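Student: coordinates only, no sequence provided:
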């Protein structure tokens, strides 16, 4: 299945997703979330939470905290990678008078190094460090590999006359007669000098590639970095292959539920694969696109009509157990959709953006007097009489 995305001429820009100073530990966030619901007019004992998380074990403590503070195990609204199962709005709406949806993609974080993307698996023998979200990693890895190959197979050099050149392997060139069917495509229009007819024509060719004189704009961009052009075969383009210089014409790798995650990310894949933290960048992008898709599905559908509803999207940051510190998760709020049964006030008619949402959450108390005592509840279950359960005659 081919993507509809080739070279974009109408560009979609995403809003800046901030993390610094906005991460809230889950033991603090969830009671604040509950109190925020109460402040909006949600009714005690009648709130049905729902989570759209990945299925990884490191999302377990946030789910337990939701259970503790809302007094019931949250409905499952999620698919792999933090995709929202919008076809579950109806069942969720019927499980409680008031509804809360918490959606989050997740990424691991190492406080010591500041690196994102991995976590320690405590149930594996020895020290096992693996991708924090295997599904996001699985989706973006083929694109990262293509990008790494392109960095090594596109060359910058100059000839004896001092002309700055770029030599590109044929597999990255979208020829009119033999276009790229599947893979990374170099955006030659932004890199090479056109001839008098406005065509992109190589000045030389080798067995597996084409050599072009670079455009004045591209040369100035490279020169601004302090780069020194090498003679002969030159050197690999490396870090100079920035996200604006290529795009992907790709057959989707994923199937089933995972396909939506890849569709969300493909348009922004150049910025993901060139990011110093690809998993973090991918998670941020998925959260933003899922928020729009889910909010639109809520507004178009009638499942939550006449109900109190709070839908919050954000980022779960997982920190593995280390030294004397337990494993923990932080939540970075992104945006929220609010509708109230008795009429939504003007301040909530539009989505609540990141800074305002953080402010609203942090204004709440960190203590929830209505939280459930899970130990007591389990004790009551153990002490309950044993029912005589039989098949019907």
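Tutor: Received, thanks. Just so you know, these numbers come straight off a predicted model, no measurement behind them.

Student: beyond the helix or strand harbouring residue 143, next helix or strand please.
Tutor: If you go by DSSP states H and E, residue 143 is part of helix 134-153. Toward the C-terminus, helix 134-153 is succeeded by strand 154-158 as the next helix or strand (DSSP H and E).

Student: tell me which residue is most central in the chain.
Tutor: Compute the mean C-alpha point of the chain, and by C-alpha atoms, centre = their mean the closest residue is residue 283, 1.9 Å away.

Student: just to revisit the earlier point, now what about the helix holding residue 143, what contacts it?
Tutor: 54, 56, 80-81, 105, 107, 117, 131, 169, 172, 183-184, 186, 236-239, 241, 246, 248, 250, 253-254, 258, 261-262, 265, 269-270, 272-274, 278-279, 282-283, 286 (C-beta atoms under 8 Å, 6 or more residues apart in numbering). Backbone N, C-alpha and C define where each C-beta goes, glycine included.

Student: which parts of the longest helix that the chain contains are buried?
Tutor: Counting by DSSP state H, the longest helix found in the chain is helix 278-300. By neighbour count with 16 or more other C-beta atoms under 10 Å, helix 278-300 contains the buried residues 278-291, 294-295, 298.

Student: same check, this time on stretch 322-334
Tutor: Within stretch 322-334, the residues scored as buried using 16+ other C-beta under 10 Å are 327, 328, 329, 330, 331, 332, 333, 334.

Student: the one helix or strand the third one maps to packs against which elements?
Tutor: In this structure, residue 329 is located in strand 328-339 according to DSSP H and E. Using 3 or more C-beta pairs under 8 Å, 6 or more residues apart in numbering; DSSP states H and E, the elements in contact with strand 328-339 are strand 24-25, helix 26-39, helix 60-70, helix 278-300, strand 309-319, helix 354-362.

Student: contacts only, for residue 308.
Tutor: Residue 308 neighbours (C-beta under 8 Å, 6+ apart): 37, 40, 41, 42, 43, 97, 98, 99, 339, 340, 341.

Student: tell me the pLDDT of the nearest residue to the third one once chain neighbours are set aside.
Tutor: Once its chain neighbours are removed from consideration, residue 41 has its nearest residue in residue 340; the separation is 6.0 Å (C-beta to C-beta, 6 or more residues apart in numbering). Among the per-residue scores, residue 340 shows a pLDDT of 97.

Student: and for the one 10 residues further on?
Tutor: On pLDDT, residue 350 comes in at 96.

Student: what kind of secondary structure is residue 248 in?
Tutor: With DSSP: H, G, I helix; E, B strand; the rest coil as the basis, residue 248 sits in strand.

Student: residue 238: neighbour count?
Tutor: Using other C-beta atoms under 10 Å, residue 238 has 10 other residues around it.

Student: residue 387: neighbouring residues, count only.
Tutor: Using other C-beta under 10 Å, the number of residues around residue 387 comes to 6.

Student: hang on, I meant residue 37
Tutor: With other C-beta under 10 Å as criterion, residue 37 counts 23.

Student: make residue 1 into 56 and carry on from there
Tutor: Happy to do that; since the first residue is 56 now, the last one works out to residue 92.

Student: surely it and residue 155 touch.
Tutor: Yes. At 6.1 Å, residue 92 counts as touching residue 155 under the criterion of C-beta atoms under 8 Å.

Student: now for these two: what residues contact both?
Tutor: Taking C-beta under 8 Å, 6+ apart as the contact rule, residue 92 and residue 155 both touch 102, 365.

Student: what is the helix or strand of the chain with the lowest mean pLDDT packed up against?
Tutor: Lowest mean confidence among the helices and strands of the chain (mean pLDDT, DSSP states H and E): strand 184-186, at a mean of 83. Using 3+ C-beta pairs under 8 Å, 6+ apart as the contact test, the elements touching strand 184-186 are strand 173-175.

Student: go with 10 Å
Tutor: Strand 184-186 is packed against strand 153-163, strand 173-175, helix 189-208, with contacts defined by 3 or more C-beta pairs under 10 Å, 6 or more residues apart in numbering; DSSP states H and E.

Student: out of these, which comes closest to residue 419?
Tutor: Distance to residue 419, taken as C-beta to C-beta, is lowest for strand 153-163 among these, at 13.8 Å.

Student: residue 169: what secondary structure?
Tutor: When classified by three-state DSSP, residue 169 comes out as coil.
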